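Chemist: Model the structure of this input:
(chains A and B)
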Protein chains: 2
Amino acid sequence: MSQAKIIQPRTLKGFRDYLPEAAGPREALLQTAREVYRSFGFRPIDTPALEYTEVLLGKGGEESDKQLYRFEDHGGRDVGLRFDLTVPLARFVAQHAGSLGMPFKRYHMGTVWRGENTQRGRYREFMQCDFDTIGTESVVSDVETLLVVFSLFQRIGVACTLRVNHRGVLQGVLERAGVGGESAAVLRALDKLAKIGPEKVSAEMQASAGLSAQQAQEILELPAIEGTRQEVLRRVEALVTGTEAGERGLAVLRGVDAGLRAAGVPEEALVFDLSIARGLDYYTGIVVETFLNDLPGIGSVCSGGRYDDLASVYSKQRMPGVGASLGVDRLLAALEELKVALPGTRNRSVFLAFFDGDRGPQYLALAQSLREQGLDVELYPEAKKLGAQLKYADRLGFPCAVIIGGDEWEQGNAQIKDLVQGDSRTVALAELAAELHSSLA
Amino acid sequence: MSQAKIIQPRTLKGFRDYLPEAAGPREALLQTAREVYRSFGFRPIDTPALEYTEVLLGKGGEESDKQLYRFEDHGGRDVGLRFDLTVPLARFVAQHAGSLGMPFKRYHMGTVWRGENTQRGRYREFMQCDFDTIGTESVVSDVETLLVVFSLFQRIGVACTLRVNHRGVLQGVLERAGVGGESAAVLRALDKLAKIGPEKVSAEMQASAGLSAQQAQEILELPAIEGTRQEVLRRVEALVTGTEAGERGLAVLRGVDAGLRAAGVPEEALVFDLSIARGLDYYTGIVVETFLNDLPGIGSVCSGGRYDDLASVYSKQRMPGVGASLGVDRLLAALEELKVALPGTRNRSVFLAFFDGDRGPQYLALAQSLREQGLDVELYPEAKKLGAQLKYADRLGFPCAVIIGGDEWEQGNAQIKDLVQGDSRTVALAELAAELHSSLA
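Modeler: You can find the predicted model right below:
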């Protein structure tokens, strides 16, 4: 370890370190999500970061292919880093179908990698946080998926609106407009409405799906359909009656409406929005996007839907499912902008100053005793000047500091200093834990 | 998505899926560790999985080099997957030194990758879980590191013994034996004692460090020094007096002894063991290994120590530190063998059978209401035969099931079926939450 050669400490472009200020909220968000997912019976799984390229690309389009971190491993295998958690889930359920049992309800929080263009402010490494119910077509699971999303944002403490649609309803509308065969291309265009506006969407529908201007106009009227869920359902009924896909979708949306009302979700928290299409061909039933009421412009922070068959690439067994994915990074950025403190991120720890260098064991004993009484305690490790210690405590956001010098030790007292207000008070050591608990409450 | 081409679902050799039965305990262990680390003031960080190869290998020996997953990324950069969390920590503190402030107390839980020979039962992807205090040489931080380890195993609920030594003490002993200049090679040999026995260690000391048989014999007497911490300290004093390194180490061990006694750690939970050397040249102060009392043979489940300078490869600023790393996989395997249930892994959820297909909204409403009253509830999504539903619930380890058929709905009742004992009882819906809370308690 020669000092001569210093290697520049740096991270790769598109990658980032999480300092405690960023890692703490992310950890709190994931823990909140875990608790909510678990409260509905979802259980955790994990899969490897590295997979056979053949497995990863089995279903992927050209876009995933270009973005894949792909290389040859020590054994000459063609491998890649997972670019989402859906492909690994499909591989996982196909591989373990015999031992999982159905329905299979899982959540998965994991890092994924995409060699994307970073100029759009995107990162090449980010976390996904998905939950899915595999092996049932029941509308109960559709409702539950939406309830999980609603409950999660309620627990986080931020108001959101779930915007829900059904691919069957869209298919029915397209069939009635005489363009049912082009639905994939039409829906991909419709999905861009918020981003590129109605004129460009119309142009794309005409160019890529061969619609007439009149037909594109009819499709573009869907997003204008607004109102209560009941009102939208009545409009949908008029639009899709006579089409099999449309009537099937309408029945599901009716079940969703009834289930959510019964479960006490406020009417305004979940609306039916016929413009929600989701670009992925993958979805076949309900689709959902979630917008923060105070920051809708950042886009959906939790999206998902129902699919007919998850693992057709890896298995002949049909596996329908429904689920959603939390946009961890986007949501964390939004919560920071909205100054919403996540549950568990408020600093409720105590800072214990180290005032008298000869009394190390006494400070260590006190700190451990306070911990045993349910407090988090950081003991400063050196008898530095008190000012420097308090500056450190203040910078880390401790709400209060405990200061005990030689005199206080003799008298069996401690000073509690409020680092926000600046005032101090003296309490007996025997009452310190109780006093700190009430100060922090 | 043609059904014709089925890709075989498989994972890479040395990699594995975590099914819920394995992912649940791991999640619980990491959450327990987080809570303990936080209770001492440690805060989370994260770093990228991919780094410049130059950064990863800056300090690494030949072994890391061979095991590194290394490739060229889309931009032609020479990159690799991190093989531990220590090298990224060193890079991290060097890169962010200006904004971190010292002391810097961090924990880091993350996946690392090593292209190891899997024949020894090792995996190529595994999780590390480290905590460190950087920027102080205080013995208070040494004591605290050991207290964290002790508290963690106490919280997990498994008896362990921390075996602690000090590299300075070993150095002093070697100097007195006249082989101080060969200490690295001698300690590497000594570290293998448990694995290969005293004869082979003696042979290695003679071959690689040039010791005489007599000198090797003297060193090999160290592990035989046993007794209370006070007794070992008295023996150490006799062995190292007159050597600077040895006296420094002795003073630290005395501070450790006093601090731990003050903090209430039982004498037998932490012993001084002069045979603990730790192979890494890296350590310069205390070294610690942790053994489970009921399963010592699996080796240390939490190891660490103090080092003089963490980031000399990336920075001219000297950064001393102390920390330890929890052996997540080894510990999980041991807890499974010992049948120790981790805090938070006991299934305290309620299974709600779906008995009457027309009452979906009612079941959804009841499930959500129970959740709002603090219960975790899994509602079966389909009105399948009750036997199949209960079999599912039993397989997933639910302790009880709630069954409400048409008659019960009419009468406002529910049946609670104990899935362990098999007996059932009828309770009023209004009292269901309270009854379930007491059943699960």
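
Chemist: okay, CA-based contacts and neighbour counts for the rest of this
Modeler: Noted.

Chemist: of all the residues in the stretch 301-441 of chain A, which ones are close to chain B?
Modeler: Contacts of the stretch 301-441 of chain A with chain B, taken as C-alpha under 8 Å from any C-alpha of the partner chain, map to A:312-316, A:349, A:360-362, A:364-366, A:368-369, A:371, A:375-379, A:381-382, A:392.

Chemist: Next step: those residues restricted to helices.
Modeler: Members of those lying in helices (criterion: DSSP state H): A:360-362, A:364-366, A:368-369, A:371, A:392.

Chemist: which stretches of the stretch 201-350 of chain A aren't confidently modelled?
Modeler: A:279-280 (pLDDT under 70).

Chemist: which helices and strands sit right next to the one helix or strand A:Glu144 maps to?
Modeler: Secondary structure from DSSP states H and E places A:Glu144 in helix A:139-156. Counting contacts by 3 or more C-alpha pairs under 8 Å, 6 or more residues apart in numbering or on different chains; DSSP states H and E, helix A:139-156 is packed against helix A:20-39, strand A:160-166, helix A:244-262, strand A:321-326, helix B:360-372.

Chemist: Which positions within it qualify as buried?
Modeler: Neighbour counts over helix A:139-156 (16 or more other C-alpha atoms under 10 Å in any protein chain shown) mark A:139-153, A:156 as buried.

Chemist: My guess is A:Glu51 contacts A:Phe83. True?
Modeler: No. A:Glu51 is not in contact with A:Phe83 according to C-alpha atoms under 8 Å; the separation is 10.3 Å.

Chemist: Which residue of those two possesses the greater neighbour count?
Modeler: A:Phe83 (27 against 23; other C-alpha atoms under 10 Å in any protein chain shown).

Chemist: and that one, that one's in a helix?
Modeler: No. Looking at A:Phe83 with DSSP: H, G, I helix; E, B strand; the rest coil, it is coil, so not inside a helix.

Chemist: Could I get the pLDDT score of it?
Modeler: Looking at A:Phe83, its pLDDT stands at 94.

Chemist: closest one to A:Glu226 among the helices and strands packed on helix A:139-156?
Modeler: Taking C-alpha to C-alpha, strand A:160-166 is the member of the helices and strands packed on helix A:139-156 nearest to A:Glu226, at 11.3 Å.

Chemist: Not counting sequence-adjacent ones, nearest residue to the most centrally placed residue in chain A?
Modeler: In chain A, the residue lying closest to the centroid (C-alpha atoms, centre = their mean) is A:Leu326, at 2.5 Å. Spatial nearest neighbour of A:Leu326, excluding adjacent residues (C-alpha to C-alpha, 6 or more residues apart in numbering or on different chains): A:Cys302 at 4.4 Å.

Chemist: cool, A:Val271 as well?
Modeler: A:Arg163 (5.2 Å).

Chemist: Count the residues that sit near that neighbour.
Modeler: By the criterion of other C-alpha under 10 Å, A:Arg163 has 21 neighbours.

Chemist: Specify the beta-bridge partners of it.
Modeler: Bridge pairing for A:Arg163 (DSSP bridges) gives the partners A:Val271, A:Glu289.

Chemist: pretty sure A:Leu19 is touching B:Leu89, no?
Modeler: No. Contact between A:Leu19 and B:Leu89 fails when scored by C-alpha under 8 Å: they sit 11.1 Å apart.

Chemist: which of the residues of the stretch 301-441 of chain A next to chain B are buried?
Modeler: Buried among those (16+ other C-alpha under 10 Å): A:312-315, A:349, A:360-362, A:364-366, A:368-369, A:371, A:375-379, A:381-382, A:392.

Chemist: just to revisit the earlier point, the residue nearest to A:Val271: what's it in contact with?
Modeler: By C-alpha atoms under 8 Å, 6 or more residues apart in numbering or on different chains, the residues touching A:Arg163 are A:270-273, A:276, A:288-291.

Chemist: Relative to A:Ala194, which of these is nearest.
Modeler: For the contacts of A:Arg163, the nearest to A:Ala194 is A:Ile276 (9.9 Å; C-alpha to C-alpha).

Chemist: burial of that closest one, as a residue count?
Modeler: Neighbour tally, A:Ile276, other C-alpha under 10 Å: 25.

Chemist: now it: how far from chain B?
Modeler: 24 Å (C-alpha to the nearest C-alpha, to the nearest Å).

Chemist: wait, doesn't that residue sit right on A:Val169?
Modeler: No. If you go by C-alpha under 8 Å, A:Ile276 and A:Val169 don't touch, sitting 11.1 Å apart.

Chemist: picking that back up, can you pick the most crowded of the contacts of A:Arg163?
Modeler: Most surrounded of the contacts of A:Arg163: other C-alpha under 10 Å gives A:Val288, at 27 neighbours.

Chemist: What separation is there between it and chain B?
Modeler: Taking C-alpha to the nearest C-alpha, one finds A:Val288 at 19 Å from chain B.

Chemist: Helix or strand for A:Arg330, just tell me which one.
Modeler: Going by DSSP H and E, A:Arg330 is part of helix A:328-337.

Chemist: Mind giving me the packing neighbours of that helix?
Modeler: Helix A:328-337 packs on helix A:20-39, strand A:125-134, going by 3+ C-alpha pairs under 8 Å, 6+ apart.

Chemist: contacting residues for the residue nearest to the centre of chain A?
Modeler: Here A:Leu326 is in contact with A:128-130, A:301-303 (criterion: C-alpha under 8 Å, 6+ apart).

Chemist: what's the answer for A:Thr32, then?
Modeler: Here A:Thr32 is in contact with A:152, A:155-156, A:343 (C-alpha under 8 Å, 6+ apart).

Chemist: Let me know the closest of those residues to chain B.
Modeler: Nearest to chain B among those: A:Arg155, at 10.9 Å, using C-alpha to the nearest C-alpha.

Chemist: Disregarding residues adjacent in the polypeptide, which is nearest to that closest one?
Modeler: The nearest residue in space to A:Arg155 (C-alpha to C-alpha, 6+ apart) is A:Thr32, at 7.4 Å.

Chemist: Count the residues that sit near A:Ala269.
Modeler: 15.

Chemist: Report the spatially closest residue to it, excluding sequence-adjacent ones.
Modeler: A:Thr161 (4.7 Å).

Chemist: I'd guessed that neighbour sits against A:Thr290; true?
Modeler: Yes. Taking contacts as C-alpha under 8 Å, A:Thr161 lies within contact range of A:Thr290: 5.7 Å.

Chemist: Check for me that A:Phe351 belongs to a helix.
Modeler: No. Per three-state DSSP, A:Phe351 lies outside any helix segment and is strand.

Chemist: and stretch A:379-390, how far from the chain's centre?
Modeler: Stretch A:379-390 has its C-alpha centroid displaced from the chain centroid by 39 Å (C-alpha atoms, centre = their mean, to the nearest Å).
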